[in-house]
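Visitor: show me how the following folds:
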Amino acid sequence: MDLRDRESHQRLAESLRALREELDIREDFPEAVLQEAADAVATSHLPSADLRDVPFLTIDPPGSTDLDQAVHLARGSASDGASGGGSDAGYEVWYAIADVPLFVRPGGAIDGEARLRGQTMYAPDGRISLHPEVISEDAASLLPGRDRPAFVWHFHLDADAIVRSASVRRAVVRSRRQLTYAEVQADIDAGTADEQLSLLREIGIRRLQQELDRGGASLNLPRQEITHDGETYGILTEPALPCEDWNAQISLMTGMAAARMMIDGGIGILRTMPEPDEGALGKFRRQSEALEHPWPADMPYGAFLRTLDVTDPRQLALMHAAASLFRGAGYTAFDGEVPDAVVQSAIAAPYAHATAPLRRLVDRFVLVTCASLCAGEEVPGWVRAALPDLNALMASSNQIASRLDSGAMDAVQAALLSNRIGEAFSAVVLQGSPPAVEDAPGKQAPRLSGTVQVTEPPLEAKCYGELVAGERVTVVLVEADIVRRRLRFEVKPTDAPLRGLE
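Guide: So this is what the prediction gives:
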């Protein structure tokens, strides 16, 4: 769906601008930051280690210019990385990550500004970068055909794609190709993929099996994102492509290796999340039974989530209900004694954010820590000094990013439906109304409400009325306020006339 009405478009632009102001998002970089970035790019020197002969490639959404990662995959021995061997041979993986620390002076203007921002923010009316563009979209970005500094991870995997060794060092690299997920998937589906992409599928599938074997879990909900072609806004809803999952497994593997290095070295910062408690698991099990897709008692919840078909309304509702199992994620820093809680429960292993330094503050510190440990060197003092502050900095940034995402989606949805008040829509209930409770005498009972997935146009929204998760319902649009970024439906009374479903 898209928005072409001029008046609604103008009100939407104003609403999105107001949202940035409400969240106090830093947009323009101070002059001191821009000058320091220009100086850093002009005076930087590439690492002495040269890996430009490794044919790296990148896989990103279309139009991406801030390229954090480049990958190269090959068959080889799990023990020594020698090429050759048959299908029972292991694999070699080279994974280059943008060397942002090369351009950021500890304690300098760029460093200070990055700590205030925390991460790159993505809004429909423009991206708000963590670093100045001369770094994030040029000098540090792993663009094709350019010599670039990188932290290069080198993995030896066995025939089951289990990591047998991992190392990281700084080197100069040159990516050969910049691909999109759609291009990669099309080549694989057509049977025309080269060995690199075929290995991505092969390794990715085997790593996914490892995730299931160790009890990991993923929420593979359909992707819903705002589009903007410079003139009109829209919302695109589509399932993730299989190659996105395979590519993500390379990043997860790297984050797990980084976590293990830091745990063994007694210093670092991990991405942690507690196991869902028995209450949350019990509630989810009851929801699965109510939605007529019971969770088998002998199946880990991660494996169960992989069985869900999100094209089925009840299973889609159950997938949304599973979000309650993925709570409490944060960062755990340590220097000396390793904490007891080091596991990210959805991954079912220790894990660290290490693969997106152009777009996330904490990765810069993780990469320097791992490279130092791998080289047998002392972790720099500026990293040690920052570790205690990173959890709070990232938590604040994540909260702002979440509010920006949800506020922008609410505004665009309201704009797209602002001329359809009173119309009826088909929907599926994602979250039912809570059970009724007896109120104190004289106190007005709150209105029952839940969340629905409107079928066409595809969107999620709040809905008033008695709702049962997984049911198909007809709802009527009662509010689409662009300025307040609010969209509300009501369950259609059985005797109400329909407008919009003719």
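
Visitor: how does the chain divide into domains?
Guide: The chain is divided into the following domains under automatic domain parsing: 2-274+328-414, 275-327, 417-491.

Visitor: make JSON lines out of those domains and add mean pLDDT and mean neighbour count.
Guide: Glycine gets a C-beta too; all of them are placed from N, C-alpha and C. Converted to JSON lines, the domains of the chain look like this (pLDDT from 0 to 100; neighbours: other CB atoms under 10 Å):
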{"stretch": "domain 2-274+328-414", "mean pLDDT": "92", "mean neighbour count": "18"}
{"stretch": "domain 275-327", "mean pLDDT": "86", "mean neighbour count": "16"}
{"stretch": "domain 417-491", "mean pLDDT": "83", "mean neighbour count": "17"}
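
Visitor: check the offset of the top strand by length along the chain from the chain's centre.
Guide: Scanning the chain for the strand with the most residues, using DSSP state E, yields strand 163-180. Remark: strand 163-180 is offset 21 Å from the chain centroid, using CA atoms, centre = their mean, to the nearest Å.

Visitor: and whichever helix or strand comes after that strand, what does it pack against?
Guide: Using DSSP states H and E, the helix or strand that follows strand 163-180 in sequence is helix 181-190. Applying 3 or more CB pairs under 8 Å, 6 or more residues apart in numbering; DSSP states H and E, one finds that helix 181-190 makes contact with strand 56-60, helix 195-213, helix 242-265.

Visitor: so for A356, which of these sits nearest?
Guide: Closest to A356 of the helices and strands packed on helix 181-190, according to CB to CB: helix 242-265, at 8.2 Å.

Visitor: what's the next secondary structure element after the longest helix seen in the chain?
Guide: Counting by DSSP state H, the longest helix found in the chain is helix 381-416. Per DSSP H and E, the first helix or strand lying C-terminal to helix 381-416 is strand 424-431.

Visitor: name every strand pairing with that following strand and say which way it goes.
Guide: strand 449-454 (antiparallel), strand 472-481 (antiparallel) (DSSP bridges).

Visitor: what angle separates the longest one from helix 381-416?
Guide: What it means is strand 472-481. 100 degrees (axes from the mean of the first three to the mean of the last three CA atoms, to 10 degrees).

Visitor: swap in the shortest one?
Guide: Direction vectors for strand 449-454 and helix 381-416, defined by the same axes, to 10 degrees, enclose an angle of 80 degrees.

Visitor: what lines up beside the helix or strand following strand 449-454 in the sheet?
Guide: Using DSSP H and E, the helix or strand that follows strand 449-454 in sequence is strand 459-464. The strands beside strand 459-464 in its sheet (DSSP bridges) come out as strand 449-454 (antiparallel), strand 486-491 (parallel).

Visitor: so how far is the first one from its chain's centroid?
Guide: Its chain's C-alpha centre lies 24 Å from the corresponding centre of strand 449-454 when counted by CA atoms, centre = their mean.

Visitor: so which strand or helix has F155?
Guide: strand 147-157.

Visitor: what sits closest to G407 if chain neighbours are left out?
Guide: L19 (4.7 Å; CB to CB, 6 or more residues apart in numbering).
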